[in-house]
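Student: predicted model and sequence follow; I will ask about them next.
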Amino acid sequence: EDQVTQSPEALRLQEGESSSLNCSYTVSGLRGLFWYRQDPGKGPEFLFTLYSAGEEKEKERLKATLTKKESFLHITAPKPEDSATYLCAIPTSGTYKYIFGTGTRLKVLA
Amino acid sequence: GAVVSQHPSWVICKSGTSVKIECRSLDFQATTMFWYRQFPKQSLMLMATSNEGSKATYEQGVEKDKFLINHASLTLSTLTVTSAHPEDSSFYICSASSLVVAREQYFGPGTRLTVT
């Protein structure tokens, strides 16, 4: 069964304290892993797509990496404006419908 | 690029009435649009998938007669909540994808529906 699990569920960091969010997945034939950021009361904002193990993508303080079993979203020297829920998603086997993880709620304290 | 809009951003309606939510892809042609529902502090729940010019495909447990979806063009999909009840109150989010080019889904800002 296709599955996506994110950890931790919630994370509180001090400004400047780097950390990583985890997204573990199980799917028959990965056709992309997607990271999104969601602010309260808003739709998810696209961050990255990763297609193959070893691939890395960067955007400002965020860096996403992918292995055959999991993806990490590394946040370097976070700022309070990085506070949000971070979601990862994969297409289900044979379709383009997403399975979402339950998300990691990140709070960065000034 | 890849901007998706939704209208209205919030709506309050009375029980028994119908509400229409529009989802537009502003700068690309969306071959597929998805409609999600999200409850507080929960992840997104897919309601249905629609392809331009075709009938929508609904997820198990979603009443297709209650949640009418139309995808009449490559830039517009609508969700109509018919005979709304308080339990239909939720945050509805659409996404759009140009599967010819990429598999990313780009999400709208969401519509907060409150049924009184």
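Tutor: Good, I have the coordinates.
Student: residue of chain B closest to chain A, please.
Tutor: residue B:107 (3.7 Å; C-beta to the nearest C-beta). All C-beta atoms are positioned from the backbone trio N, CA, C, and that covers glycine.
Student: got a list of what the residue with the shortest distance to the centre of chain B touches?
Tutor: Centroid-nearest residue in chain B: residue B:35, 3.5 Å away (criterion: C-alpha atoms, centre = their mean). The contact partners of residue B:35, by C-beta atoms under 8 Å, 6 or more residues apart in numbering or on different chains, come to B:23, B:46, B:47, B:48, B:50, B:67, B:69, B:77, B:79, B:92, B:93, B:94.
Student: neighbours around residue 12, how many?
Tutor: All of this is about chain A. Using other C-beta atoms under 10 Å in any protein chain shown, residue A:12 is surrounded by 13 other residues.
Student: nope, chain B
Tutor: With other C-beta under 10 Å as criterion, residue B:12 counts 12.
Student: surely it meets residue B:116?
Tutor: Yes. Between residue B:12 and residue B:116 there is a contact at 6.4 Å, judged by C-beta atoms under 8 Å.
Student: please name the residues that touch residue 97.
Tutor: Let's take chain A. A:91, B:34, B:46, B:49.
Student: to clarify, I was referring to chain B.
Tutor: The contact partners of residue B:97, taken as C-beta under 8 Å, 6+ apart, are A:96, B:30, B:31, B:32, B:33, B:34, B:103, B:104, B:105, B:106.
Student: pLDDT check: weakest of those?
Tutor: Minimum pLDDT for the contacts of residue B:97 is recorded at residue B:103 (79).
Student: how many other residues sit next to that one?
Tutor: Other residues near residue B:103 come to 16 when the count uses other C-beta under 10 Å.
Student: enumerate every residue touching it.
Tutor: Residues in contact with residue B:103 (C-beta under 8 Å, 6+ apart) are A:31, A:32, A:34, A:49, A:91, A:96, B:97.
Student: return a ChimeraX selection command for the buried portion of those.
Tutor: Here is the ChimeraX command that selects the buried residues among these (16 or more other C-beta atoms under 10 Å in any protein chain shown):
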select /A:32,34,49,91,96 /B:97
